[in-house]
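> Structure, please.
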Amino acid sequence: MSSRSARERFPPWFFDRADESSDAEFYAFDRLVTHIDDGAIAAVADLYDELELTGDVLDICSSWISHFRTAPRRLDITGMNAAELAANEMADAWTVRDLNVDPTLPYDDTSFDAVTCCVSVDYLTQPLEVFAEVARVLRPGGVFVCTFSNRCFPTKAIRGWLATDDHGRCSIVATYFDLTDGFGEPVVQLRNPSAPGDPLYAVWARTGTAG
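Just a heads-up that it's a prediction; the model follows:
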């Protein structure tokens, strides 16, 4: 299914935002902060360890920290703010990329064992195109891991995200996977059910295996 036809599964307003001004201007201010609490950050790291993200990894919509306990063999990152990306000590290479303007990824086919997207999937206005690109750059059996909480910049999150609850948001991301050729059945989990602070939700799926 093409991204264009898949997009028609959603209401016309779904990917609109309250603030449609330039994302480059919004993210120009350096934010060397974390956007989820320490418990949720630990839950992200636990998941990355569990999934054994130790090979060649791409972290999209990234910033100054990628939440790995141990750096993978190679870590490429993309994001909106050059200063934040340059401050990421785990990254081997970084590229400024506004995926809402250009949803393509500047990498060859089958370049990575894993792709991660932490607390940013809610800001993607062309998520199906991005997910298709992720599937392209992943190796057979590779995994795309999306993690998120209940925090966001509400003026920059898509209206469809704001119009539902946490369960609905998990369903949105799972639907992105379902509508993207190349991914298997998505896994949906609340990773820290007893946490007193920020909840950490994860949705991930693997590409088809070789042969």
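
> Would you state the helices of the protein in chain order?
3-7, 23-26, 38-50, 82-86, 127-137, 159-162, 166-178 (DSSP state H).

> Include distance to residue 185 when you put those helices into a markdown table, please.
Where you see a C-beta, it was placed from the backbone N, CA and C, and this is true even at glycine. Converted to a markdown table, those look like this (distance: least, C-beta to C-beta, whole Å):
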| stretch | distance to residue 185 |
| --- | --- |
| helix 3-7 | 17 |
| helix 23-26 | 32 |
| helix 38-50 | 17 |
| helix 82-86 | 33 |
| helix 127-137 | 14 |
| helix 159-162 | 22 |
| helix 166-178 | 8 |
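
> Of those helices, which stretch is the most buried?
helix 127-137 (a mean of 24; mean count of other C-beta atoms under 10 Å).

> angle of that helix against helix 166-178?
Taking axes from the mean of the first three to the mean of the last three C-alpha atoms, to 10 degrees, helix 127-137 and helix 166-178 form an angle of 50 degrees between their directions.

> Rounded mean pLDDT for helix 127-137, please.
Helix 127-137 comes out with an average pLDDT of 98.

> now for that helix, which elements pack on it?
helix 3-7, strand 56-62, strand 112-118, strand 138-148, helix 166-178 (3 or more C-beta pairs under 8 Å, 6 or more residues apart in numbering; DSSP states H and E).

> one more time with 6 Å, if that's ok
Contacts defined by 3 or more C-beta pairs under 6 Å, 6 or more residues apart in numbering; DSSP states H and E place helix 127-137 against helix 3-7.

> residues contacting residue 13?
residue 159 (C-beta atoms under 6 Å, 6 or more residues apart in numbering).

> Please repeat the previous calculation with a cut-off of 8 Å.
159, 160 (C-beta atoms under 8 Å, 6 or more residues apart in numbering).

> Now the spatially closest residue to residue 123 that is not a sequence neighbour, what are its backbone angles?
Nearest residue to residue 123 in three dimensions, chain neighbours excluded: residue 156, at 5.4 Å (C-beta to C-beta, 6 or more residues apart in numbering). Here is the backbone geometry of residue 156 (degrees, to the nearest 10): phi -110, psi -10.

> could you check the distance from residue 156 over to residue 21?
9 Å (C-beta to C-beta, to the nearest Å).

> And these two? Which one has more around it.
Counting neighbours by other C-beta atoms under 10 Å for residue 156 and for residue 21 shows that residue 156 has the greater number, 18 against 10.
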